[in-house]
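Asker: kindly generate the corresponding structure for this input.
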Amino acid sequence: MQSARTVGVHISQQMVRCVVIALLVLSTWSFPVFAAITSSDRISSLIANLASDGLRLDTLQSEFDGLAYDTTTIDGPATLDELALKLSQKFQTIKGAVLKLKSVVESELASASGRGGSLTECCRKTGVTYDSRFGSEIDVNSQCERLSGSADSSYYNVGPRLLDIFKRNLAENPTLKWQVFGSEHGLITLYPSFKTSDCSSYDPRFRPFYAAAAVPEPRDIVIVIDHSGSMSDHVGSSSRMELAKQAAKTVLDTLNPKDNVGVVGFSSSASGRRGCYSHSLAEATEANIAELKSYVDDLSAAGLTNYEAALQLAFTQIEAKSTASQTGGNRHKVILFLTDGEPTGRATDIMQTIYDHNSKLGFSVVILTYGMHIDRSSQAAQILNDMALQNYQSYGIRSSGSPPAGKSDIVSSDQDIRLQMGSYYAFFEPDIEVIEPVVTVPYYDAFGLGVVTTVAIPVYVGSGSTRRLAGVVGVDVTLADLVEDVTYFRRGELSYAFVIDKTGVTLMHPLMPAPSDVTSIPQYIDIDSLESSNGSKAAIWSSMKNGGSGTLVVDTEWPVSRGNSLTEGVRISNVRATYRWKPIDRTDFSVGLVIAEQYNFEKLPRHLTPPRGSDFLYHRFDLVPPTVTTCNQFGRLAVSNKVSVKIAPEGFKNPFEYLDLPENATRVRQYVDYFNGRTNTNLYFKVRMLPMSDLLLM
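Answerer: Numbers count the residues shown, from 1 in each chain. Predicted coordinates for the structure are as follows:
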């Protein structure tokens, strides 16, 4: 067990490693130096001498050993309540910013006339400067708009009216990222403004945040694409096949990892994505979406039009996922069926296939059909309509259930098929207004902000029977900011906290990298994959997914870091631990706290009296120069006869704010005044201030 007494050793060992690395780098410059230290005995001796004579490790350890330590226990219930409250407050603050945007947009649209304010197109934006908070060049004093190439002519621009509330939201919560309003007409307003490389390629209606807010329930969806020979016919400059591919990929762009998806291509026969998901749905992660898009791109027009085979495989994929994961509850199951021709089989056989499969699924699958350039009076148009309505009686099939009625669209222009099919989710818009913002599944930000999530909510015009969706407002926030209290929860090495959503996907766990360290597409890991297999734990996960709370003592395997867990790995201990969990109020998330039984940890007393004549020096000499003589060390200001201090993120009340916002001279002077006792005002640091484990000596 690593107590507070060994913190000094841990710091010094890291410093030793840094010096050894520096020596090895130097050895690449000079062969004699390399030859002189190649002996393992010589290296060992060098490190030992460096630790004792150069870094004074023994002296530093003696200082730590000479301090008085308090032995304390963790109040599990109180600690869990504190974590849940902080997380809830963080979510509600962000949701509050979103609801302010919703109020302004709905008020403006209620009295809208004409086109609204003039467009400030992002692609023509000038006067931007780099801002580290957003990882790009921006202008915090303006918003900009992007008008999709497929936007309709009745759009109304509320952008200028949103600028004041955009700026106020950012001033009240400096860690907020992008704020947006995407309209149902294909126009998006973004704040802060920034310059884009093109003017018309982005359409908010076909983005995951928009679809997830408009219809919060997750989807099990199969996209069925006809690639028979007639799909090679051209519509203007594009073939029907090319237009179908664009439509299918637009649908894929609306999905998020809470959704399950499959793609079926059919002509004379039907096929699905190659590999383990050829006969089942896949989670709509970025990796799976990319693979499905590749499958769509590889489809070529040839053969006949076998509806029956396509439907057989589409239902098989839904059935396999339903059986494997017992997906149910409030999930929309839907087949999107796109074709340009009449079926080669009998209409009765097609309807019988739908009935046989959907009846097994409790008639839970909705069918939406799309006919490309089909005569509205043709047999194809009739069968597509009957498929969507699940009109079994017209074919002599007696139905014992209540099949859901879908919708059939006949489209004739190259734009309509993408718009109609890409907006499939509108069919499932709830009858009542969505009043609670949704939190999207975390994703990697295109501007390099790391893992972010969007908190979004629909906006409406009209009321009652005339109410309709007008768009979606949203605010981006980094996952690092959202879960910072869990990320930086430190009460020794035999306790930890974690956060999961109602599907079991883990947002933060000590075996996962900190959100601020993730530099690529995040992995969506179920909590059961991170914790050791234990029958008792299954009850915990089930309770957390269903919004429950509780306490359970279990025997478990405990990973303990050997040092740096990323580079030195962990060792596994068998311990008895208490698991506590509770939902985070007004969210779909739960927080858990795990504490090993009979675990005590040592910490320094709350206040230590500094030696007479000492002076706290913060390491940012570039902002507040010290009063003592400085020198230049490796290109940085330094002092040779005093110790400067850097405070680790977990020492701050808001660790992410410390990491995200640049320090300035005023803030550093406030640090120094507090530590030197010139003020009792503590603006930045945790009340338990300050164990030495939160300080890094420079």
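Asker: switch to C-alpha atoms for all contacts and neighbour counts from now on
Answerer: OK.
Asker: which helix or strand contains A68?
Answerer: Assessed by DSSP states H and E, A68 sits outside every helix and strand.
Asker: swap in T369?
Answerer: strand 365-372.
Asker: partners of that strand in the sheet?
Answerer: Strand 365-372 has the following sheet partners, assigned by DSSP bridges: strand 332-339 (parallel), strand 407-411 (parallel).
Asker: where do the strands sit along the stretch 151-300 of the chain?
Answerer: Counting by DSSP state E, counting those that start in this stretch, the stretch 151-300 of the chain has strands at residues 179-183, 187-191, 219-226, 234-235, 238-239, 260-266, 270-272, 282-283.
Asker: for V668, give me its contacts.
Answerer: Residues counted as contacts of V668 (C-alpha atoms under 8 Å, 6 or more residues apart in numbering) are 618, 620, 623-624.
Asker: surely E557 meets S573?
Answerer: Yes: using C-alpha atoms under 8 Å, E557 makes contact with S573 at a distance of 5.6 Å.
Asker: what about the residue nearest to I165 when sequence neighbours are not counted, which SS state?
Answerer: Distances taken as C-alpha to C-alpha, 6 or more residues apart in numbering put L101 closest to I165, at 6.9 Å, once the chain neighbours are dropped. Using DSSP: H, G, I helix; E, B strand; the rest coil, the structure places L101 in helix.
Asker: what about L101, distance to T254?
Answerer: For L101, the distance to T254 equals 22 Å [C-alpha to C-alpha, to the nearest Å].
Asker: does the nearest residue to F181 once chain neighbours are set aside lie in a helix or a strand, and which?
Answerer: Nearest in space to F181, with sequence neighbours left out and distances taken as C-alpha to C-alpha, 6+ apart, is V473 at 4.3 Å. For V473, the host element (DSSP H and E) is strand 468-478.
Asker: give the rounded mean pLDDT of stretch 128-147.
Answerer: Mean per-residue pLDDT for stretch 128-147: 94.
Asker: residue contacts, the nearest residue to G406 once chain neighbours are set aside?
Answerer: In this structure, G406 finds its nearest non-sequential neighbour in A388, 4.6 Å apart by C-alpha to C-alpha, 6+ apart. Counting by C-alpha under 8 Å, 6+ apart, A388 touches 366-369, 405-408.
Asker: tell me who's in contact with T120.
Answerer: Counting by C-alpha under 8 Å, 6+ apart, T120 has contacts 143-145.
Asker: cutoff 10 Å now
Answerer: Applying C-alpha atoms under 10 Å, 6 or more residues apart in numbering, we find T120 in contact with 142-146, 157, 159-160, 189, 193.
Asker: what's the neighbour count on T126?
Answerer: Using other C-alpha atoms under 10 Å, T126 has 13 other residues around it.
Asker: E597 too?
Answerer: E597: 15 surrounding residues under other C-alpha under 10 Å.
Asker: now do it against S153, distance only.
Answerer: Separation of E597 from S153 (C-alpha to C-alpha) stands at 66 Å.
Asker: end to end, how far does stretch 512-526 reach?
Answerer: End-to-end distance for stretch 512-526: 11 Å, by C-alpha to C-alpha.
Asker: stretch 184-196 too?
Answerer: Stretch 184-196 stretches 21 Å from its first residue to its last (C-alpha to C-alpha).
Asker: list the buried residues in it.
Answerer: Within stretch 184-196, the residues that count as buried by 16 or more other C-alpha atoms under 10 Å are 184-195.
Asker: just stretch 278-290 next, same as before
Answerer: Judged by neighbour count using 16+ other C-alpha under 10 Å, the buried positions of stretch 278-290 are 278-286, 288-289.
Asker: per-residue pLDDT, R606?
Answerer: pLDDT, R606: 55.
Asker: F634 too?
Answerer: We have a pLDDT of 78 for F634.
Asker: give me every residue that touches the most centrally placed residue in the chain.
Answerer: The centroid of the chain falls nearest to P442 when counting by C-alpha atoms, centre = their mean (0.8 Å). By C-alpha under 10 Å, 6+ apart, the residues touching P442 are 256-257, 450-454, 477-479, 507, 521-524.
Asker: who has more neighbours, E557 and S573?
Answerer: Shown here are E557 and S573; by other C-alpha under 10 Å, E557 has more neighbours (17 against 11).
Asker: by contact count, what packs against the stretch of helix or strand the more buried one belongs to?
Answerer: Under the criterion of DSSP H and E, E557 resides in strand 550-561. Applying 3 or more C-alpha pairs under 10 Å, 6 or more residues apart in numbering; DSSP states H and E, one finds that strand 550-561 contacts helix 535-545, helix 565-568, strand 570-583, strand 589-596.
Asker: then the third one to CSV, C-alphas only?
Answerer: It stands for strand 570-583. This file holds the C-alpha atoms of strand 570-583, laid out as CSV (Å, rounded to 0.1, in the frame of the first residue of the first chain):
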residue,chain,number,x,y,z
VAL,A,570,-0.6,-3.0,-12.6
ARG,A,571,-0.6,-5.9,-10.1
ILE,A,572,-3.8,-7.7,-9.1
SER,A,573,-4.8,-8.1,-5.5
ASN,A,574,-7.8,-10.0,-4.1
VAL,A,575,-9.7,-7.8,-1.7
ARG,A,576,-13.1,-7.5,-0.1
ALA,A,577,-14.7,-4.2,-1.1
THR,A,578,-17.9,-2.2,-0.6
TYR,A,579,-19.6,-1.0,-3.7
ARG,A,580,-21.9,2.0,-3.4
TRP,A,581,-23.9,3.5,-6.3
LYS,A,582,-26.7,6.0,-7.0
PRO,A,583,-28.1,7.8,-10.0
